[in-house]
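# Using only what follows, build the 3D model:
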Amino acid sequence: MSTSGINFAGLGTGIDTESIIQQLLKVDSQPIQVLQARQQAIQQQQAAVNQISAAISGLQAAAATLTGPSAFSVVQGTSSDATVATITTDAGAQAGSHTLQVLQLAQAQKLASATQTSLTTPLGVSGQFVINGKAVTVNATDTLQTLVAAINNAQAGVNASIVSTAANSYTVVLSAANTGTANAISLSDVGSGSILQNTLGLVGSSASIRSPITNGAASSLFADSSTSVGTLLGLTAPPAGSIQINGVSVSIDFSTDSLTTIAGKINAAAIPGVTASVVAVTDPNTGASRQQLQIVGASTPTFTDNQNILANLGILQHAPVNQLAAAKDASFTLDGLSITRSSNTVSDVLSGVTINLLKDTGQPTVNLTISPDINTIKSNIQAFVNQYNQIIKTFNNVASFDPQTLTSGPLFGDVTIQNAVNSITQIITGSVTGLTGVSTLAQLGITLDQTNQLNIDDTTLTNALNGNLAAVAKVFQAVGTSTDSGVAFISATEKTKPSTGSGYAINVTQLATQASVTAGTQHTADNNPDVETLTFTGNPFPGGKTILLNANSTLDGIVSQINADPTLSGVLTASNAGGYLKLTSKLYGSNQGFTVVSSQPAASNNSGIGNTPITATALDVAGTINGEPATGNGQFLTGAAGNANTDGLQVRITAPTTGSHGPLVFTQGIAALVKYFANDATDSLTGTLSLYSNSLGDQVTDISSTIKDMQAALNDEETRLRQQFTEMETAVVQLRAAASGLSGLAMPTAMSTSSSSSSSSGR
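Okay, here's the model as predicted:
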């Protein structure tokens, strides 16, 4: 019996019923124990499969590094004198040797103010001045300290500081944040104010052109051309005045005039030989598109300023009174060619190469060498070897058999895993089909030892890399080579078959073209008074793209503005085609087609596009590879899916004519084949090892479900047994109680009979 969880079984009968129940349940639970042992074994198998899969994924990653486009073109730069210049390389750098002579280092401009006697005494002046196109407000209560803080808070590309040269002697030092003449500090008072000139003594009264261009002058860079200049500069009281260009007066009002209207006023003044335009240019420091007023003449015009109008625009600059350091551009020669740059860090002279200039004038010639980075390539090959060895180590751990203890790993004798490892080993030790000369890893000093581990003979590998890097690359990579300069190998897939030595013939039936439109009206006048809007639509412009062309623009100004637009410049190129605006897509193919329309009818003083949409179309390349179908996309021709040999083979056709080109010899290197095999084996949806692991996982789940059902049945059996033994205990107790009752009834009768006998005897 059981009450409140306390077991009283056997109390009525004296039989150890609990022991009997446990023994019976133990017998019934043996099938569950067998399943649990089986489940544990399958879980160990699944864990082992996952270990093998992870090791193969590691080899896949290492193989991907070796098959990358720059795996064997990675280079390193060295300088013969690192005190004069250093060199770093990036993707795209080409091996070679160059001579460098540094003539002058770039320098940032530094200006000093007149000496002030106090840091904390109010300056007693109020107004504004402009520094690099940003207004700084000065209040009568400002001190030297608060003024310097205001300059720094303007974030105008100038750092201001205070230097104490002696007791009660303080100088404001302005330092340009960037080196180069283009980043010389622009300073100007506003209107009739004289804070810079008289209070601080930073600039004098004489002025000259700040940014000369051919036969003219250029302004500072502004955010846009349609907002009033006063607003762009942040002026609280924009000045108005009458400037003179070649003696001709032009009235300017910063409260209402924008760059566009200023250019229009200058052109309307009909100054002989002088024209003004607003041109889109790229900020050399930020890369952002900015607007610039340019004024040019038959020869450089003369300018007379009024109310600091031209100085605020950045056309003129008042000479600094005390220049501590002049703005200088870096000047150097590379391979005898004279070059100047605004920075000492030069990254746009050699593709993929950054040159850091460290010493200037008079330094001797320095040799810059860009050579293959053999150490990095060797490191990547070593990583590939290490990952293969990790597969072998993992396999030996999970598929081992110990003849002494007769114990084995969870995957001992597993055919699926054995085949996977064997397949990789066969690729590793095989020869690359189609290669002559160097075609195996063994020829590079990479061989298997007696434990099936790969080892590298460093001397042999180094000699091979230094002797013929291209041949080594072919052993590892999928490579296509052609003697036809109009055919370039791009990529292939695991379905692409290696060609024979004669290669794959390529037949081009249609060349790819660029989308292009030319305006129907020639641009002959620059007096368009209104802003013109061009709207672009089509596949390269999802959602459409508009650009506002400045009023009074020259055709070259329109071309410059379009080419400086961050969106348009990435898709197409504008050009001046004999006085007509021409727009040409940068890429090839039907996907690059576009439509353009203007907000104005075509006229000789605007873009000439007109308000009727013009559509530009283009063609994709067409042809066959090895006589098999191919799909064209721009200049790229790709073997069609299902082709017997060229499935996935992609080439770029830049040849100028149709017809037969090539042939292209294609080989699949060892790292490429390993990568393809590993992809197939470990793909999360279709990979053989992934499916195998999932199958084992399903078995574990099924067994868990079966065990759960069997455990439920065993619990029911335990309940039934306890009920039966409880009922037996109850019955036994009841029988014993009944027997005890019957015994009690018999005892009084016997006692009565005995008493009667005694009484009769006494009589």
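# show me what contacts residue 482?
With contacts defined as CB atoms under 8 Å, 6 or more residues apart in numbering, residue 482 is in contact with 488, 489, 503, 651, 661, 662, 663, 664, 665. The C-beta positions use only the backbone N, C-alpha and C, and glycine is treated the same way.
# nearest to residue 219, of those?
When these are ranked by distance to residue 219 (CB to CB), residue 488 comes first, at 45.0 Å.
# I'd say that closest one and residue 651 touch.
Yes. Counting by CB atoms under 8 Å, residue 488 sits close enough to residue 651 to count as a contact (6.4 Å).
# before we move on, back to that, and the contacts of residue 482, which of them are in strands?
Per DSSP state E, strands hold the following members of the contacts of residue 482: 488, 489, 651, 661, 662, 663, 664, 665.
# helix/strand/coil for residue 242?
strand (DSSP: H, G, I helix; E, B strand; the rest coil).
# which residues does it contact?
Contacts of residue 242 (CB under 8 Å, 6+ apart): 249, 250, 251, 252, 306.
# can you rerun that using 6 Å?
249, 251, 306 (CB atoms under 6 Å, 6 or more residues apart in numbering).
# and it, bridged to which residues?
Counting by DSSP bridges, residue 242 forms beta bridges with residue 251.
# In space, what's closest to residue 70 - neighbours in sequence excluded?
Counting by CB to CB, 6 or more residues apart in numbering, residue 70 lies nearest to residue 91, which is 5.6 Å off, once chain neighbours are set aside.
# Wait, a strand at that neighbour?
No. Using three-state DSSP, the assignment for residue 91 is coil, not a strand.
# For it, the count of nearby residues, please.
By other CB atoms under 10 Å, 11 other residues sit near residue 91.
# The chain should start at 45 in everything you say after this.
Sure, I'll start counting at 45 from here, so that last one is residue 135.
# Relative to residue 343, how far out is it?
Look at residue 135 and residue 343: by CB to CB, to the nearest Å, they are 46 Å apart.
# Check residue 389 too.
For residue 389 relative to residue 343 (CB to CB), the value is 36 Å.
# pLDDT below threshold where in the protein?
Applying pLDDT under 70 to the chain flags residues 45-58, 405, 788-807.
# Grab the most central residue of it for me.
Closest residue to the average C-alpha location of the chain: residue 135 at 13.6 Å, with CA atoms, centre = their mean.
# On the three-state scheme, residue 469 is what?
Residue 469 - assigned by three-state DSSP - is helix.
# If you could redo that for residue 367, that was the one I meant.
Per three-state DSSP, residue 367 ends up strand.
# Skipping its backbone neighbours, what lies nearest it in space?
residue 155 (5.8 Å).
# just residue 737 next, same as before
residue 93 (4.7 Å).
# And the helices in the protein?
Listed in chain order, the helices of the chain (DSSP state H) span 61-111, 188-197, 273-277, 303-312, 353-357, 418-442, 459-473, 502-511, 513-520, 599-608, 714-726, 732-806.
# just so I know, which of those lies nearest residue 127?
helix 418-442 (24.0 Å).
# Would you confirm that residue 264 contacts residue 178?
No. Under the criterion of CB atoms under 6 Å, residue 264 makes no contact with residue 178, lying 9.9 Å away.
# Look at those two and report which has more neighbours.
Using other CB under 10 Å as the criterion, residue 264 and residue 178 rank with residue 264 on top: 22 against 19.
# what about that one, distance to residue 715?
54 Å.
# With residue 255 instead?
Counting by CB to CB, the gap from residue 255 to residue 715 is 54 Å.
# higher neighbour count, the two?
Neighbour totals were compared for residue 255 and residue 715, and residue 715 leads with 29 against 20 (other CB under 10 Å).
# Contacts only, for that one.
Contacts here follow CB under 6 Å, 6+ apart; on that basis residue 715 touches 107, 110, 111, 520.
# now it: how far from residue 425?
Per CB to CB, residue 715 is found 9 Å from residue 425.
# do you know how far the residue nearest to residue 367 is from residue 217?
Distance, residue 155 to residue 217, by CB to CB: 7 Å.
# do the same with residue 643
Distance, residue 643 to residue 217, by CB to CB: 50 Å.
# Next: residue 729.
66 Å.
# neighbour-wise, which of these two wins?
residue 217 (16 against 7).
# Look up the closest residue to residue 546, ignoring the ones flanking it.
residue 707 is the one closest to residue 546 (CB to CB, 6+ apart), at 6.3 Å.
# Residue 385: neighbouring residues, count only.
Per other CB under 10 Å, the neighbour tally for residue 385 reads 20.
# tell me which residues form a beta bridge with it?
Beta-bridge pairing of residue 385 under DSSP bridges involves residue 374.
# So it is in contact with residue 374, correct?
Yes. In this structure, residue 385 is within contact of residue 374 by CB under 6 Å, at 4.8 Å.
# what residues are shared contacts of those two?
Common contact partners of residue 385 and residue 374 (CB under 6 Å, 6+ apart): none.
# Can you name the residues that contact the closest residue to residue 741 other than its chain neighbours?
Leaving out its chain neighbours, the residue that sits closest to residue 741 by CB to CB, 6+ apart is residue 90, at 5.9 Å. Residue 90 is in contact with 737, 740, 741, counting by CB under 6 Å, 6+ apart.
# In TSV: those, plus neighbour count and distance to residue 680.
Shown next, in TSV, are those (neighbours: other CB atoms under 10 Å; distance: CB to CB, whole Å):
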residue	neighbour count	distance to residue 680
737	20	38
740	19	43
741	15	42
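# quick one, domains of this protein?
119-149+376-416, 154-369, 523-556+666-712, 559-660 (automatic domain parsing).
# can these go into CSV with extra columns for distance to residue 748?
Below are the domains of the chain laid out as CSV (distance: least, CB to CB, whole Å):
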stretch, distance to residue 748
domain 119-149+376-416, 52
domain 154-369, 60
domain 523-556+666-712, 38
domain 559-660, 51
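# among these, which is nearest residue 474?
With CB to CB as the measure, domain 523-556+666-712 is the member of those nearest residue 474 (10.7 Å).
# First-to-last residue distance for that closest one?
Taking CA to CA, to the nearest Å, domain 523-556+666-712 runs 7 Å from one end to the other.
# rewinding a little: looks like the residue nearest to residue 546 contacts residue 545 (just checking).
No. The criterion here is CB under 6 Å, and residue 707 misses it with residue 545 at 9.7 Å.
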